[in-house]
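Asks: Mind looking at a prediction? Sequence and model below.
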Amino acid sequence: MHVSLVVTGSRGDVQPFVALGRALRSRDHTVTLATHEDFAPLAREAELDFAPLPGSPRDFLQHPALVEALQQGASLFRAARKVPRQSAERSRELAARVAEVSEGADLVVNSILSRIMFEDDGTTPWASLSWWPLNPTSQWPAMMAPQVKLGGMYNRLTHRLGGVLDSVTMGNYRKEAGLSALPFGAPYGSLGREVPLICPVSRTLFTEPADWPDLSHITGYWFWDRKWEPSPELAEFMESGTPPVTLSFGSIWPVHPPTKTLEKVLNVVRSHGRRLVLVGGGPDTVPDDVFRVDDAHYPWLFPRSSAVIHHGGCNTTGEALRSGTPQVVVPTFADSPFWAAQVHALGVAAKPVPYAKFTPEALDESLGVALNDEAVRDKAATIGETVRAEDGTGKAVDILEEWVRRWHEQRSADTAA
């Protein structure tokens, strides 16, 4: 079958879809990855057909108003209001392009972000992906809510409030794009009930609670093991002396002042007798005990590191878990505080250092735990073995193939009736 993978967002959003595309291809399906032009090289590297979508994640993540707001500690919702909204014409253009790349596919898989611009016309089976457990449950609070243990009633309430916030956001975009309205208070209500909703995170963190609908699944992370070789210089740096600390803030680097951030982190890292690998950010010129690289394959880099300092994106967190390396998470916004809390509770990461409290003293305390606490290091190694044993993409393809089969069976039954 031909599968259209439709995803908007940062590289952390897109790369797991590349992994899924590779898994689908291994079972003789044809795959088109529809996403921003920024990621065309990744699609080519993975040998997937590519269809560009309008816009770029840089339009949002590097917008000066967003950067300024997040540096002041703004929440995602307050920060998003600082960024000028895209025009109704731009929204209609994106929705039209999503419809175009979905037309004729035997299956469409989107993320909850790209689902906003997807119109279900009932002619094609589709499924969606959420980077965090999305369906309401009494077992835990909604992702954006305070992660406190106040019982099932509180947990259910947070999911209800989250649905209202999602409705406001989605409703505005869909109205501007000329798309039909989704149910207020539960815009994602069909996901997991009428169509599959897949959460590609480790089952060491979450398993499906009893009150979730039948089509909601947690598969394990979707990892893409690229054919990637480090430069001789990076390989030599990693192999000479004590394993260095790796610092990667991914798509949230624009929030961190390059020179000041490197100085702050490096002084702490040096105080622990370590060197530093800087991935994707920081100043162009760095000292001899720092290796700066624009792009690195985390499955190669993280296991060779003594600790990983990162921003708490879902998939960077997953790569750190898979590596078995202790973590220090510096969450800033969106789902990063959620994942920072989860890995700390799991026992594989030191206490999170939120951006608003990202001081040398706080970093020193957490990095000391990551480097020296044997319980944290042992738990990280154990969890790493479990995560590496999960076949997230394989399970996802099983779910999707079964869903398409069931969809056609039901359609045939409805036609016969």
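Replies: Perfect, thanks for sending it.
Asks: Okay, and residue 149 sits in which element?
Replies: Assigned by DSSP states H and E, residue 149 belongs to no helix or strand.
Asks: where do the helices sit along the stretch 201-350 of the chain?
Replies: 232-239, 258-271, 298-301, 314-323, 336-346 (DSSP state H, counting those that start in this stretch).
Asks: mean confidence for the longest one?
Replies: Mean pLDDT, helix 258-271: 97.
Asks: do the third one as well
Replies: For helix 298-301, the per-residue pLDDT values average out at 97.
Asks: How about the first one?
Replies: For helix 232-239, the mean per-residue pLDDT is 97.
Asks: which helices and strands sit right next to it?
Replies: Other elements packing on helix 232-239 under the criterion 3 or more Cβ pairs under 8 Å, 6 or more residues apart in numbering; DSSP states H and E are strand 276-279, strand 290-293. All C-beta atoms are positioned from the backbone trio N, CA, C, and that covers glycine.
Asks: Then the last one?
Replies: Under the contact definition 3+ Cβ pairs under 8 Å, 6+ apart, helix 336-346 sits against helix 314-323, strand 327-329.
Asks: Not counting its own residues, what contacts that helix?
Replies: With Cβ atoms under 8 Å, 6 or more residues apart in numbering as the test, helix 336-346 has contacts from 132, 143-144, 147, 204-205, 252, 311-314, 317, 320-321, 327, 329, 331, 349-352, 354, 379, 383.
Asks: Narrow those to those that are buried.
Replies: 132, 143-144, 147, 204-205, 252, 311-314, 317, 320-321, 327, 329, 331, 349-350, 352, 354, 379, 383 (16 or more other Cβ atoms under 10 Å).
Asks: in this protein, what secondary structure element scores lowest on mean pLDDT?
Replies: Least confident helix or strand, the chain: helix 76-82 with a mean of 67, by mean pLDDT, DSSP states H and E.
Asks: quick one: residue 328 and residue 155, what's the gap?
Replies: Distance, residue 328 to residue 155, using Cβ to Cβ, to the nearest Å: 28 Å.
Asks: Tell me which of those two has more neighbours.
Replies: Neighbours were counted for residue 328 and for residue 155 using other Cβ atoms under 10 Å; residue 328 has more, 30 against 20.
Asks: So in terms of bridging, what pairs with that one?
Replies: Beta-bridge partners for residue 328, by DSSP bridges, are residue 309.
Asks: ok, now how distant is it from residue 346?
Replies: As judged by Cβ to Cβ, residue 328 and residue 346 stand 14 Å apart.
Asks: Equivalent analysis for residue 294, please.
Replies: 30 Å.
Asks: Please list all residues in contact with the nearest residue to residue 112 once chain neighbours are set aside.
Replies: The shortest distance from residue 112 to any non-neighbouring residue, by Cβ to Cβ, 6 or more residues apart in numbering, is to residue 130 (4.9 Å). Residue 130 is in contact with 111-112, 188, 191, 197-199, counting by Cβ under 8 Å, 6+ apart.
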